[in-house]
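A.B. asks: Fold the following for me, if possible:
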Amino acid sequence: MVNIENVTFSYSKKTKLLSNLNLQLEAGRIHGLLGKNGEGKSTLLKLMSGLVFPQNGKIDVMGFLPEKRNPEMLQEIFFLPEEFPQINLSIEKYKNIYAPFYPNFSNDQFESYLKEFEIDDKKAIMSKLSHGQKKKIMIAFGLATNTKLLLMDEPTNGLDIPSKGQFRRMVASAITEERCLVISTHQVHDLDSLIDNIIVMEKHEIVFNQAIENITRKLVFRLTERNEICENVIHTEESLRGMYQVCENTTNEESKLDIELLFNTILLHTAKVKSLF
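C.D. replies: Predicted coordinates for the structure are as follows:
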């Protein structure tokens, strides 16, 4: 679906934001793009959608070069930015204007997503709604476009806890074998039990890109007593409940992935984790 080769990008001549970046994304999967603020996650999504152009390297999205802004490509991409401009339209008017740009847009799905988010007044002017309400509308619209590539930048910012649960259910139900979803966030808890593949950016590079099933095959996530340190331990964190540990999985042990614990392990022990994969 997406193939990025040796891409370099910068907003100024003095500082490169991305350098020789490589990434491949498959259809039929939900990819979680994780990293601290300022790592270049938003820029990477903009590069995929053709909103900014690489200085060097090549990006192929569904057989198109994003910078060419081919209409056939654009009708199969929806990019939900973290912040969006004031929209002085009603929900209904916004849908009527922009839905025709997406041939596979489903009005029934849009109505269903709005209902799940408890948004009933489609005549409401979007600019007069709260940030969280606007975010819900745009999430509902993006999912209803049924584009092959759906890019979401910090989609859960502004959502309350119940709405985050609704978001996870919607996204899980929207994925198909032909669709690729990329969700960029620094709030790793929001992607629990949702994503199929984890991508981590650190120091403006992609340092990790693995499927969940491969992660749990190579690593074990444990909560133990403080005096119980497993063999082949890579990372530990103390908590009120005991000692969280990430260890090499040398015995084919089954464990539940802890995304936040994995993220911290990758950032603090990058070389060790890379050696295992």
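
A.B. asks: Report all helices and strands that the helix or strand harbouring Ile97 contacts.
C.D. replies: Using DSSP states H and E, Ile97 sits within helix 91-98. Packed against helix 91-98, as judged by 3 or more Cβ pairs under 8 Å, 6 or more residues apart in numbering; DSSP states H and E, are the following elements: helix 107-116, helix 131-144. Yep, even glycine has a C-beta here, placed from its N, CA and C like the rest.

A.B. asks: pLDDT (mean, whole number) over that helix?
C.D. replies: The pLDDT scores in helix 91-98 average 97.

A.B. asks: which residues touch the nearest residue to Ile195 once chain neighbours are set aside?
C.D. replies: Spatially, and ignoring its direct neighbours in sequence, Ile195 is nearest to Gly32 (3.8 Å; Cβ to Cβ, 6 or more residues apart in numbering). By Cβ atoms under 8 Å, 6 or more residues apart in numbering, the contact set of Gly32 is 183, 185, 188, 191, 194-195, 197-199, 259.

A.B. asks: so which of the helices and strands packed on helix 91-98 gets nearest Phe84?
C.D. replies: helix 131-144 (6.6 Å; Cβ to Cβ).

A.B. asks: what's the following helix or strand past the closest one in contact with?
C.D. replies: Downstream of helix 131-144, the first helix or strand assigned by DSSP H and E is strand 149-153. Residues outside strand 149-153 that contact it (Cβ under 8 Å, 6+ apart): 1-2, 41-42, 45, 48-49, 61-62, 76-82, 139, 142-143, 174, 179-184.

A.B. asks: List the contacts of Glu26.
C.D. replies: Contacts of Glu26 by Cβ under 8 Å, 6+ apart are 1, 180, 197.

A.B. asks: and with 7 Å instead?
C.D. replies: Residues in contact with Glu26, defined by Cβ atoms under 7 Å, 6 or more residues apart in numbering, are 1, 180.

A.B. asks: quick one, phi/psi of it?
C.D. replies: With angles defined as degrees, to the nearest 10, Glu26 sits at phi -100, psi 150.

A.B. asks: what's the answer for Val233, then?
C.D. replies: For Val233, the backbone dihedrals (degrees, to the nearest 10) come out as phi -70, psi 140.

A.B. asks: Does it touch Cys247 like I think?
C.D. replies: Yes - using Cβ atoms under 7 Å, Val233 is in contact with Cys247, at 4.9 Å.

A.B. asks: quick one: which of those two has more around it?
C.D. replies: Between Val233 and Cys247, Cys247 has the larger neighbour count (other Cβ atoms under 10 Å), namely 21 against 14.

A.B. asks: how about the host helix or strand of the more buried one: buried residues?
C.D. replies: If you go by DSSP H and E, Cys247 is part of strand 242-248. Neighbour counts over strand 242-248 (16 or more other Cβ atoms under 10 Å) mark 243-247 as buried.

A.B. asks: now swap in stretch 218-235 and tell me
C.D. replies: 219-222, 230, 234-235.

A.B. asks: show me what contacts Lys164?
C.D. replies: 156, 190.

A.B. asks: That one and Asp190, how far apart?
C.D. replies: Going from Lys164 to Asp190 by Cβ to Cβ, to the nearest Å gives 6 Å.

A.B. asks: hang on, the earlier thing: may I see the buried residues of the helix holding Ile97?
C.D. replies: 91, 94-95.

A.B. asks: Of those residues, just say which sits nearest to Lys203.
C.D. replies: Using Cβ to Cβ, those come closest to Lys203 at Tyr94, 38.9 Å.

A.B. asks: what residues are up against the closest one?
C.D. replies: By Cβ under 7 Å, 6+ apart, the contact list for Tyr94 reads 87, 126.

A.B. asks: Cool, thanks, talk later.
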